[in-house]
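**Student:** A predicted structure for the sequence below; I have some questions about it.
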Protein chains: 2
Amino acid sequence: MRCGEIIAVGSELLLGGRIDTNSVFLTDRLAGLGVEVRFKEAVGDDERDIITALRTAIRRADVVLLTGGLGPTADDRTREAVARLTGHRLRRHREALASLRRRLKGWGRAVSAPQLRQALIPSGADLLANPIGSAPGFSLWWRGCFIAALPGVPAEAEAMFMREVAPRLGAAAIQTMERIERRVLHTFGLPEVEVEAKIGNVLPRGLRLGLLSSPLGVSVLLTAVEVTGTKTGLARLQTLERMERVVRQRLRRWIYADGEQTMEQVVGRHLSERRLSLAVAESCTGGLIGHRLTEVPGSSQYLDRVVVSYSNRAKVDLLGVPEAMIRRYGAVSSEVAAAMAQGVRIQSHTDVGLSVTGVAGPDGGSADKPIGLVYIGLEAAASRDGKSVHRRVQQFRFHGNRHTIKLRASQAALNLLRQWLLVRSSTSQKEC
Amino acid sequence: MRCGEIIAVGSELLLGGRIDTNSVFLTDRLAGLGVEVRFKEAVGDDERDIITALRTAIRRADVVLLTGGLGPTADDRTREAVARLTGHRLRRHREALASLRRRLKGWGRAVSAPQLRQALIPSGADLLANPIGSAPGFSLWWRGCFIAALPGVPAEAEAMFMREVAPRLGAAAIQTMERIERRVLHTFGLPEVEVEAKIGNVLPRGLRLGLLSSPLGVSVLLTAVEVTGTKTGLARLQTLERMERVVRQRLRRWIYADGEQTMEQVVGRHLSERRLSLAVAESCTGGLIGHRLTEVPGSSQYLDRVVVSYSNRAKVDLLGVPEAMIRRYGAVSSEVAAAMAQGVRIQSHTDVGLSVTGVAGPDGGSADKPIGLVYIGLEAAASRDGKSVHRRVQQFRFHGNRHTIKLRASQAALNLLRQWLLVRSSTSQKEC
């Protein structure tokens, strides 16, 4: 099994606060080519530090991908670092320069002096064309290790990897006949220890189990690993598929998606397939449910509107929640959650209304209504004439800070909707 | 200058897709103690790989912080890795076990067999108490390097760092009289190359410049670095402050925040200080502006409501946008942006209405209205009686995918609001 390492270059990555989209994609695609990423590193825009990171990576990996540090500004040092470590000189690459000129011309701009640096690549390295942006990449073999430098912009790194890097690695992958097989199942609503207790004892030799816990739930990773001896790739794959079935069965109630699917994609697919329309009334989640739903292309087909009724007045004016109800039960109550779901559904003439009201903190908590208390409401037409309706309200008590509570509440709301969509579908089938 | 390294343990980190909150916090706090983080590494839940990462880190750093891998499940291997590498045995720590029991008892639970593992720490290591969660951490000195293992949960890692790690490192920091000084200025609206062109030539020796580009803008990092020779810490600090003033002046039009501040915090502060209320009408951003505004504690003081009018009908029903206007100009137009801002302001009786309408893609673009075309509208009361109003509409053309366009559009909208708040304030001052 070949071992891979990803080095992300950029001082902003040391400061953090970002999602490293690149490494998700690159790790997955490398796995498909039989390369297992076992280390990921971030290093600042410092030439010596990039060299140190690269030297370490070359010692322990067969494939090293660098991302970032290929831009036009003076603090982009990846080119220099690779050239210095491998003892190559940087040369202005004719084809790189020509394509840079073409690209900028298309944008109505000329090549500026700093941008000329982008046409430099280490002598002896292959040019990797950038199908989207201006920065070209490059790759070379050094001391038995394949090194490729890709841009930091995710869309560019992905396109360059698929078109330029994968074919170079692919040839080698076919020779070794190896692929890493992995299954990822996402659950919500069961603590990590309980997930492990349910499936901990089903794992045969040759499979590795990983549990990943986050505010969005616990994900189960099953990976078929190499076992010294007789097991062939095919046998490992069969074991993996058998185990996946067992895990799916034991965690059936909690699994909401697999692979790269998200909760909002799953909910969106169910709504689309059933031709149902949705309206959402949010309070403590502040628009996060709407944001997540609209991350899915085509969501305008089923999402009609989202109302974030942050003030009590907005709940009354926009959603028709009775003022007396808020006075009597409080804005964070099962009664108000139900009224919000009903209000947004009626107002929008949609099939389903979903609502959230809760205390996200850090202020506003009380003994009665502690921080993390969240009510989720759902109201849906049970018949086409809309006369009979389904109503559900769930109460949760989430832990964590404001951000985490918002995330968990949004996930719980989407999950309630998903569960209702599934039950509805099996009921309608029975009626047929 | 002491050098630091952060190793994040957890297979989920290799898959990525997450924001590494821990490293942001730890990098900043280490800097305050004179430790510069130059490498950050992520490694899976594999004991051998943790050992490899730790061995590399110890070679190049004086302070190594591990986060994660201290949980109760079998794939939590940080304890074992540190013990094996340093040649210590794992022992059940009496105090750790007692505090684990207390903690779980408080949650109404008993200590389960897997959780007993959490009381194991390498012999000779110091116990680091966890003021929030159940997993204790530990620290030890090994081969001149300070190693600390902290939990993966951000809130727990932060609390443990402040209470247990900082005092241990602080003593040493005071001895060396060193601090890393850094200024971070966040800009929006100017491409990276132009930011560099404006400030590239102001940098004296002893200062390092970093530019960090993201959909939210370009951030400028100024770091005072050690210069061999005579420059004292104080002289470096003075140079840094002088340079900060120059950079602030040259980028004045584009700087919206500094340090750890976000655009939504800045906007929120301005609204609070001026006692103004806000309502938002979103379309293509789908709730993201509301989500960002409500990430700020206390935002309910100024945010009244957010209406995500995803369908045209919602724009008509909820915001009073004339149907004829949508037919004539299209939902993505400056006319509709203005009508949305007006509609949400009037409906909510707030001081300011902010609106966004655009094409986020990947579908729905046309030659006339290409993907990335976004209109942002603002309407605000210019006088207390509300009779005279300010109106502004801005047009943008953003590049990127759906997610990036949503991010940029939300940032542009909040920035327009920020600019208006500043102008308003300087106007009112003049009127005094």
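**Tutor:** Thanks, I have it.
**Student:** hey, C-alpha coordinates of stretch A:157-176 in PDB?
**Tutor:** Taking Å, rounded to 0.1, in the frame of the first residue of the first chain, the C-alpha atoms of stretch A:157-176 are listed here in PDB:
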ATOM      1  CA  ALA A 157      -6.500  22.000  -7.100                       C
ATOM      2  CA  GLU A 158      -9.300  19.600  -7.800                       C
ATOM      3  CA  ALA A 159      -9.300  20.200 -11.600                       C
ATOM      4  CA  MET A 160      -5.600  19.900 -11.800                       C
ATOM      5  CA  PHE A 161      -5.500  16.800  -9.700                       C
ATOM      6  CA  MET A 162      -8.100  15.000 -11.900                       C
ATOM      7  CA  ARG A 163      -6.700  16.100 -15.300                       C
ATOM      8  CA  GLU A 164      -3.000  16.100 -14.600                       C
ATOM      9  CA  VAL A 165      -2.000  14.200 -11.400                       C
ATOM     10  CA  ALA A 166      -4.400  11.200 -11.400                       C
ATOM     11  CA  PRO A 167      -3.300   9.900 -14.800                       C
ATOM     12  CA  ARG A 168       0.400  10.000 -13.700                       C
ATOM     13  CA  LEU A 169      -0.400   8.200 -10.500                       C
ATOM     14  CA  GLY A 170      -3.000   6.000 -12.100                       C
ATOM     15  CA  ALA A 171      -0.500   4.100 -14.200                       C
ATOM     16  CA  ALA A 172       1.400   3.100 -11.200                       C
ATOM     17  CA  ALA A 173      -1.800   2.200  -9.300                       C
ATOM     18  CA  ILE A 174      -2.900  -0.200 -12.000                       C
ATOM     19  CA  GLN A 175       0.500  -1.900 -11.800                       C
ATOM     20  CA  THR A 176       0.200  -2.600  -8.000                       C
END
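**Student:** Next, count neighbours for residue A:328.
**Tutor:** Using other CB atoms under 10 Å in any protein chain shown, residue A:328 is surrounded by 11 other residues. Yep, even glycine has a C-beta here, placed from its N, CA and C like the rest.
**Student:** Residue A:187 now?
**Tutor:** 23.
**Student:** can you check residue A:273 too?
**Tutor:** Residues near residue A:273, counting by other CB under 10 Å: 11.
**Student:** next one: phi and psi at it?
**Tutor:** Dihedral pair for residue A:273: phi -60, psi -40, per degrees, to the nearest 10.
**Student:** State the distance from it to residue A:308.
**Tutor:** Using CB to CB, to the nearest Å, residue A:273 is found at 28 Å from residue A:308.
**Student:** One more: residue A:27?
**Tutor:** 36 Å.
**Student:** What of residue A:382?
**Tutor:** Residue A:382 sits 27 Å away from residue A:308, going by CB to CB.
**Student:** More neighbours: the two, which one.
**Tutor:** Neighbour count, other CB under 10 Å: between residue A:382 and residue A:308, residue A:308 has more, with 34 against 14.
**Student:** Once you drop chain neighbours, what's closest to the more buried one?
**Tutor:** residue B:306 (3.6 Å; CB to CB, 6 or more residues apart in numbering or on different chains).
**Student:** and the one you found, which of the three is it?
**Tutor:** Classification of residue B:306 using DSSP: H, G, I helix; E, B strand; the rest coil returns strand.
**Student:** what's near enough to touch it?
**Tutor:** The neighbourhood of residue B:306, defined by CB atoms under 8 Å, 6 or more residues apart in numbering or on different chains, consists of A:286-287, A:306-308, A:310, B:279-282, B:287, B:289-290, B:293.
**Student:** And the lowest mean pLDDT element among the helices and strands of chain A?
**Tutor:** Ranked by mean pLDDT, DSSP states H and E, the helix or strand of chain A with the weakest confidence is helix A:166-176, at a mean of 65.
**Student:** after that helix, next one along is what?
**Tutor:** Sequence order places strand A:181-187 as the next helix or strand after helix A:166-176, per DSSP states H and E.
**Student:** CA atoms only: put that next one into CSV for me.
**Tutor:** Once non-C-alpha atoms are left out, strand A:181-187 reads as follows in CSV (Å, rounded to 0.1, in the frame of the first residue of the first chain):
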residue,chain,number,x,y,z
GLU,A,181,-11.9,0.6,-0.1
ARG,A,182,-13.8,2.7,2.5
ARG,A,183,-17.4,3.1,3.6
VAL,A,184,-18.6,6.0,5.6
LEU,A,185,-22.0,6.0,7.4
HIS,A,186,-23.3,9.1,9.1
THR,A,187,-25.4,8.8,12.2
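**Student:** Show me what that strand pairs with in its sheet, parallel or antiparallel.
**Tutor:** strand A:217-224 (antiparallel), strand A:255-258 (antiparallel) (DSSP bridges).
**Student:** mind showing which ranges of the stretch 301-432 of chain A have poor pLDDT?
**Tutor:** Applying pLDDT under 70 to the stretch 301-432 of chain A flags residues A:384-386, A:425-432.
**Student:** Strands of that one, residue ranges please.
**Tutor:** All strands of the stretch 301-432 of chain A, identified by DSSP state E, counting those that start in this stretch, fall at A:303-309, A:352-358, A:373-381, A:389-397.
**Student:** Also the stretch 1-150 of chain A?
**Tutor:** Going by DSSP E, counting those that start in this stretch, the stretch 1-150 of chain A shows strands at A:2-9, A:35-43, A:63-67, A:90-92, A:120-122, A:126-128, A:137-142, A:145-150.
**Student:** circling back to that earlier point, would you mind listing which of the contacts of residue B:306 are buried?
**Tutor:** For the contacts of residue B:306, a burial check counting by 16 or more other CB atoms under 10 Å in any protein chain shown picks out A:286-287, A:306-308, A:310, B:279-282, B:287, B:289-290, B:293.
**Student:** what about residue A:107, how many neighbours?
**Tutor:** By the criterion of other CB under 10 Å, residue A:107 has 8 neighbours.
**Student:** could you measure it against chain B, distance?
**Tutor:** Separation of residue A:107 from chain B (CB to the nearest CB, to the nearest Å): 10 Å.
**Student:** hmm, back to that, identify whichever of the strands paired with strand A:181-187 lies nearest to residue A:41.
**Tutor:** Closest to residue A:41 of these is strand A:217-224 (CB to CB; 21.1 Å).
**Student:** Among the contacts of residue B:306, pick out the one closest to residue A:73, please.
**Tutor:** Nearest member of the contacts of residue B:306 to residue A:73, counting by CB to CB, is residue B:289, at 30.4 Å.
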